[in-house]
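In: Sequence and predicted structure are below.
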Amino acid sequence: MKTILNAVVALAVATAPLAAQETCTRDAMVVFDGSGSMAEMGFNLMDEPRIFDARRAVRTVMPQVAPSRRIGLVTYGFGSSESCASVVVRFAPVPDAADRIISEIDRLTPAGETPLTDAIAEAARVLDYENSPGEIVLVTDGKETCGGAPCQLAADLAAGADMVVHVIGFRVRGDHFAWPDQPQDDMASPVARCLADRTGGMYLQAETLDDLIGALRQTLGCQVIGDATFGRPATRAVL
């Protein structure tokens, strides 16, 4: 039985789409939103802070995807209640980064503003976007609040060596009250969506824990891994 299983896995890898196999050879950076809104609760029918399910999703997905590619981590917002100067490169891509990513996110407390443009720029710099292909996965619940211009950054990245940015909008809300059961077209999209649109990445809306797990698998996992794992895939927004 083991011999047959190994043969099936080998065949799946050999016949997987070339693009998927190439993707798994690229280094990736996760950019994790730690702004104050990740601790928000009691608004828009959220009975606990977004960060709780975000941590659960990270604990579920990272052990599945980290053995297959080198992953690094950038965070912003944590530990600074007012400042926009909160972008931190936790570490550059390394093999088997699951435990390290889980530990970093588990011990951080959301606070502060949302300098997501600066965070993406730092991740791209670490990946040497002008000379090397790579992927960035941004997990965010909102908009840029520190004066950055994500769409201009997207244009700069698109002129590089093939830097793809995937954006996961996690329980994104507009400026006014929005019910979670509204049609997705009526839900807000973060301004950072243009980072995905202009670099050939995916913008994925995630409202539930299962959505977020699916989105992380889609953006960080190989096609073979994605097809073999459980969990409902996130819904890809219509462009």
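Out: Okay, I see it.
In: what about the closest residue to residue 97 other than its chain neighbours, how many neighbours?
Out: Using C-beta to C-beta, 6 or more residues apart in numbering and skipping the chain neighbours, the partner closest in space to residue 97 is residue 71 (4.5 Å). C-betas here are computed from N, CA, C, even on glycine. When neighbours are counted by other C-beta atoms under 10 Å, residue 71 registers 25.
In: which residues does residue 71 bridge with?
Out: Assessed by DSSP bridges, residue 71 has beta-bridge partners residue 28, residue 94.
In: Residue 56 reaches residue 208, doesn't it?
Out: No - contact between residue 56 and residue 208 fails when scored by C-beta atoms under 8 Å: they sit 11.0 Å apart.
In: low pLDDT regions in this protein?
Out: 1-23, 41-47, 79-82, 174-190, 223-239 (pLDDT under 70).
In: longest helix of it?
Out: As assigned by DSSP state H, the longest helix anywhere in the chain is helix 50-65.
In: List the buried residues in that helix.
Out: Residues of helix 50-65 classed as buried: 50-51, 53-54, 57-58, 60-62, 64-65 (neighbour count, 16 or more other C-beta atoms under 10 Å).
In: Over to stretch 117-135?
Out: So stretch 117-135, judged by 16+ other C-beta under 10 Å, has buried residues 117-124, 126-127, 129, 133-135.
In: first to last residue in that stretch, what's the distance?
Out: Using C-alpha to C-alpha, to the nearest Å, one end of stretch 117-135 lies 15 Å from the other.
In: Neighbours of residue 93, how many?
Out: Other residues close to residue 93 by other C-beta under 10 Å number 20.
In: Distance from the longest helix of the chain to the middle of the chain?
Out: In this view, helix 50-65 has its centroid 11 Å away from the chain centroid, taken as C-alpha atoms, centre = their mean, to the nearest Å.
In: Which residues outside it are in contact with it?
Out: Helix 50-65 is contacted from outside by 32, 34, 37-40, 71, 97-98, 101-102, 105-106, 110, 139, 141, 170-171, 208-209, 212-213, 216-217, 220-222, 225, 229, 231, using C-beta atoms under 8 Å, 6 or more residues apart in numbering.
In: List only buried entries from those residues.
Out: Applying 16+ other C-beta under 10 Å to the contacts of helix 50-65 flags 32, 34, 37-40, 71, 97-98, 101-102, 105, 110, 139, 141, 170-171, 209, 212-213, 216-217, 220-222, 225, 229, 231 as buried.
In: Just to be sure, which of those residues are found in helices?
Out: Here DSSP H is the test, and these give 98, 101-102, 105, 209, 212-213, 216-217, 220, 225 as lying in helices.
In: Turn those residues into JSON lines, columns for distance to residue 196.
Out: Below are these laid out as JSON lines (distance: C-beta to C-beta, whole Å):
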{"residue": "98", "distance to residue 196": "24"}
{"residue": "101", "distance to residue 196": "21"}
{"residue": "102", "distance to residue 196": "25"}
{"residue": "105", "distance to residue 196": "22"}
{"residue": "209", "distance to residue 196": "22"}
{"residue": "212", "distance to residue 196": "16"}
{"residue": "213", "distance to residue 196": "19"}
{"residue": "216", "distance to residue 196": "15"}
{"residue": "217", "distance to residue 196": "17"}
{"residue": "220", "distance to residue 196": "14"}
{"residue": "225", "distance to residue 196": "21"}
